[in-house]
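# Predicted model follows, preceded by the sequence.
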Amino acid sequence: MFDALSDRLRTALAGLTGHGRITEDDVNVAMREVRLALLEADVNYKVVKDFVARVKERAIGQDVIENTNAGQVVVKIVHEELTAILGAGDRTFRLNGSPAVIAMVGLQGSGKTTSSAKLARWIVRQGRQPLLVAADPYRPAAVDQLMTLGQGLGIPVYSAPPGTPVVDIATGAVAQARHTGRDVVIIDTAGRLQVDDALMAEIRALAAAVTPTETLLVVDAMAGQEAVAVAEAFHATTPVSGLVLTKIDGDARGGAALSISAVSGVAVKFMGTGEKTDALEVFHPDRLAGRILGMGDVVSLVERAQEAYDAKESERLAEKLRKNSFTLDDFLDQMQQVKKMGPLGSLMEMIPGFGGAAKQAQAAIDRGELARVEAIIRSMTHEERNDPGILNASRRRRIARGSGTSLPEVNRLVKQFGEMQRVMKLMRGRGGRLPGLPMGRP
């Protein structure tokens, strides 16, 4: 979602290369481009105006210390101010009560039901036992959708006969949770096509009946400034405590995500980064600001790796790397583990300095290049995967036919794997250092 904005901001700030003291002219040129980039990304005009004014005020007259340039100093200021915009409001997520009750509210089509299931899965990872509640008696498929999602996650779903009032569904669900020992209740409430008095009254009645510790408004980040207007309307008339931004992985301009908290006063607490039930992240404004500015997000990358990787398997592969016995079978296993962490493009955005290459990496995946590599390896025999040195011309032609690829593609993979083994061997001989790097640089 932030690709175009990231490119524009990086280009604008890269032009600041001077040393000494940052002048007003330096900042004005960069901020003109930053202002245009934010406005084109559909960020709220008042938010952009205040943001640019604060950055200029802080940047003009700043001393550029040794080993840095003006651009690096301004990037630090922009990062801090961007974090402040994204982090407006109280982002604390509370699970108080026995059981803790969470009401999911929002308009139809915002991703409310899917977000309820995603949140339930996230809560399970926190060591809690959630109960999902189908409290949308108006949309016929809503109950079935939540039932299917709950079944896939192994999480029970409470529902009531058609025509049961929403408040009765909620109170019945809380009683059921107490009876079955479930300590979190997630209520998927009814949505509407637009904000109306009946919807708001229903949410207020539900809040009075079961006293949710969190009332999360689910907002479609691709809806632009309409999403901001929805957040303002809900916040003005209902007890909304936080936002869930969905479809962050979409190709919209992203302005709503940047300005929604600053305008509405409601904090973003979670963001949906994909369609699967594991694609929900706790919202960290400093990390997202870092991604937008191409500074990476190593902490989130490590967290994803910890969730996806099997510790024993990682130790086994590390030992094979040390002994230089890493095979194509092991390489295939590593590919599967990386795929569990999410789209390659989003992973590369988290690596400092690799933000600009993220789109190319994801484009390569979309073209099927990784799938072709996997097909080539799977078309090899176990013996060939263990020892690619036995791959003569006849075997390579057979592998190309079997994988639906070409002979040059097979040759390229074998050559690249051979190069990787050679580098590993050199590293082993140099105490884990890459060739050409000084001591102490693993």
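Perfect, thanks for sending it. Numbers count the residues shown, from 1 in each chain.
# ranges for the strands of this protein?
Secondary structure of the chain (DSSP state E): strands at 20-21, 63-64, 100-105, 130-135, 157-158, 184-189, 214-220, 242-246, 268-272, 280-282.
# Which of those strands has the lowest mean pLDDT?
The minimum mean pLDDT among those belongs to strand 63-64 (a mean of 57).
# Look up the closest residue to residue 75, ignoring the ones flanking it.
residue 13 (5.3 Å; C-beta to C-beta, 6 or more residues apart in numbering). Every C-beta, even on glycine, is put in place using the N, C-alpha and C of the backbone.
# List the contacts of the one you found.
By C-beta atoms under 8 Å, 6 or more residues apart in numbering, residue 13 lies in contact with 30, 34, 71, 74, 75, 78, 293.
# Where does confidence bottom out across the residues you listed?
Across the contacts of residue 13, the smallest pLDDT goes to residue 71, namely 64.
# before we move on, back to that, closest one to residue 56 among the strands of the chain?
Closest to residue 56 of the strands of the chain is strand 20-21 (C-beta to C-beta; 14.6 Å).
# Regarding the protein, what is its longest helix?
helix 407-429 (DSSP state H).
# List the buried residues of that one.
Buried residues in helix 407-429, counted by 16 or more other C-beta atoms under 10 Å: 409, 410, 413, 414, 417, 424, 427.
# Pick the one among the residues you listed closest to residue 223.
residue 409 (42.1 Å).
# Quick check, pLDDT for the closest one.
Residue 409 carries a pLDDT value of 92.
# dump the residue contacts of it.
372, 376, 400.
# same check, this time on residue 263
By C-beta under 8 Å, 6+ apart, the neighbours of residue 263 are 44, 46, 47, 228, 231, 232.
# Give me the number of neighbouring residues for the closest residue to the last one other than its chain neighbours.
Nearest in space to residue 232, with sequence neighbours left out and distances taken as C-beta to C-beta, 6+ apart, is residue 264 at 4.9 Å. Burial of residue 264, expressed as a neighbour count using other C-beta atoms under 10 Å, amounts to 25.
# One more: residue 48?
Residues near residue 48, counting by other C-beta under 10 Å: 21.
# tell me the mean pLDDT over stretch 159-169?
Stretch 159-169 comes out at a mean pLDDT of 89.
# Would you pull up how far that stretch lies from the middle of the chain?
Its chain's C-alpha centre and that of stretch 159-169 lie 34 Å apart, by C-alpha atoms, centre = their mean, to the nearest Å.
# What are the buried residues along it?
Buried-residue list, stretch 159-169, by 16+ other C-beta under 10 Å: 159, 160, 166, 167, 169.
# One more: stretch 279-295?
Neighbour count says stretch 279-295 has 279-281, 283-295 buried, by 16+ other C-beta under 10 Å.
# Compute the distance between the residue positioned nearest the centre of the chain and residue 97, please.
With distances taken as C-alpha atoms, centre = their mean, the residue of the chain nearest its centroid is residue 273 (4.3 Å). Using C-beta to C-beta, to the nearest Å, one gets 28 Å for the distance from residue 273 to residue 97.
# that older thread, any chance of the contacts of residue 263 in JSON lines, with pLDDT too?
Output for the contacts of residue 263, formatted as JSON lines (pLDDT from 0 to 100):
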{"residue": "44", "pLDDT": "82"}
{"residue": "46", "pLDDT": "87"}
{"residue": "47", "pLDDT": "86"}
{"residue": "228", "pLDDT": "84"}
{"residue": "231", "pLDDT": "87"}
{"residue": "232", "pLDDT": "87"}
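# Quick one: buried ones out of those?
Counted by 16+ other C-beta under 10 Å, the contacts of residue 263 give 44, 47, 228, 231, 232 as buried.
# ok, for the first one, nearest residue in space, not its chain neighbours?
So that's residue 44. Nearest one to residue 44, counting by C-beta to C-beta, 6+ apart, is residue 259 at 3.9 Å.
# Any idea how many residues pack against the one you found?
Neighbours around residue 259, by other C-beta under 10 Å: 26.
# next one: residue 76
Other residues close to residue 76 by other C-beta under 10 Å number 16.
# cool, and residue 179?
Neighbours around residue 179, by other C-beta under 10 Å: 8.
# for the stretch 201-350 of the chain, which spans come out with low pLDDT?
250-254, 294-324, 340-350 (pLDDT under 70).
# what about residue 332, distance to residue 412?
From residue 332 to residue 412 the distance is 17 Å (C-beta to C-beta).
# nope, residue 41 is what I was after
Distance from residue 41 to residue 412, by C-beta to C-beta: 39 Å.
# Spell out which residues make up each domain of the chain.
3-86, 100-293, 301-429 (automatic domain parsing).
# what's the first-to-last distance across the longest one?
Which is domain 100-293. 37 Å (C-alpha to C-alpha, to the nearest Å).
# Centre of the chain to that domain, how far?
17 Å.
# all numbers from here: first residue = 163
With the count now opening at 163, the last piece we talked about shows up as domain 262-455.
# Am I right that residue 534 is in contact with residue 567?
Yes: counting by C-beta atoms under 8 Å, residue 534 does reach residue 567; the two are 5.1 Å apart.
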